[in-house]
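Enquirer: Below is the structure, and that's it, no one-letter string:
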């Protein structure tokens, strides 16, 4: 069965610093991977998705993620953090077997300090 | 805008009472999902639907039932609410079939059971 592990439930960076949010997955079939962002009191918004077309995926708000099969990772990065990036971020992998479901990680809360 | 409306947005009720949450979509998408979000657990799938009258259980379905009599509406019912069901509930839709297709989320319903 698939699973997603997000290392670090809380990450704190300074404004202007690199943002790195880690996601490792397990899947016995080629994975489809997603990053979502959740701002306070809102639903989840799709940041980007990997569907095997390219290993480096660019998303909204300057975020990007790189798929590394050998490391079973799909880490999310942004070169320079902005105060508005403070939110919770979720990594997800498509379930196997044609079930049309997603398996989510537990989330990483990003704090951006001035 | 994914065209998803959840109602109510907030509800406070007492243990033992029935509660129904509604998810309404405007775009006739086939797949609909109910999740709950709790601190430290991320998002957990309660039930999902792949068409009118076609539903299936997720990982935390005990104590919940669903119905989908029309394409646009997916109802989540707590037959006899318990304090452990205090949570934020999210509805999601999926526009197309396929593991590479993302889900799109509503703004959530905050449910408190006293």
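Expert: Arrived safely, thanks for sending. This structure is a prediction, so every number in the text was calculated from the model and none was measured. Numbering: from 1, shown residues only, chains lettered A, B, ... in the order given.
Enquirer: quick one: the host helix or strand of residue A:88 near chain B?
Expert: Following DSSP states H and E, one finds residue A:88 within strand A:87-94. Yes. Contact of strand A:87-94 with chain B (Cβ under 8 Å from any Cβ of the partner chain) involves A:90, A:94. Where C-beta positions appear, they are placed from N, C-alpha and C, glycine not excepted.
Enquirer: ok, then the element right after that strand?
Expert: strand A:102-104.
Enquirer: And the helix or strand following that following strand, what does it pack against?
Expert: Using DSSP H and E, the helix or strand that follows strand A:102-104 in sequence is strand A:108-113. Under the contact criterion of 3 or more Cβ pairs under 8 Å, 6 or more residues apart in numbering or on different chains; DSSP states H and E, strand A:108-113 touches strand A:10-14, strand A:19-21, strand A:87-94.
Enquirer: Tell me the helices and strands packed up against the strand holding residue A:88.
Expert: strand A:3-5, strand A:33-38, strand A:73-78, strand A:102-104, strand A:108-113.
Enquirer: number of nearby residues for residue 51?
Expert: Defaulting to chain A. Counted with other Cβ atoms under 10 Å in any protein chain shown, residues neighbouring residue A:51 total 18.
Enquirer: other chain: chain B
Expert: The tally of other residues near residue B:51 (other Cβ under 10 Å) stands at 11.
Enquirer: What's the local residue count around the nearest residue to it once chain neighbours are set aside?
Expert: Excluding the flanking residues, the one nearest residue B:51 by Cβ to Cβ, 6 or more residues apart in numbering or on different chains is residue B:30, at 5.7 Å. Counted with other Cβ under 10 Å, the neighbours of residue B:30 add up to 16.
Enquirer: any idea how far residue B:30 lies from residue B:114?
Expert: The spacing between residue B:30 and residue B:114, counted by Cβ to Cβ, to the nearest Å, is 37 Å.
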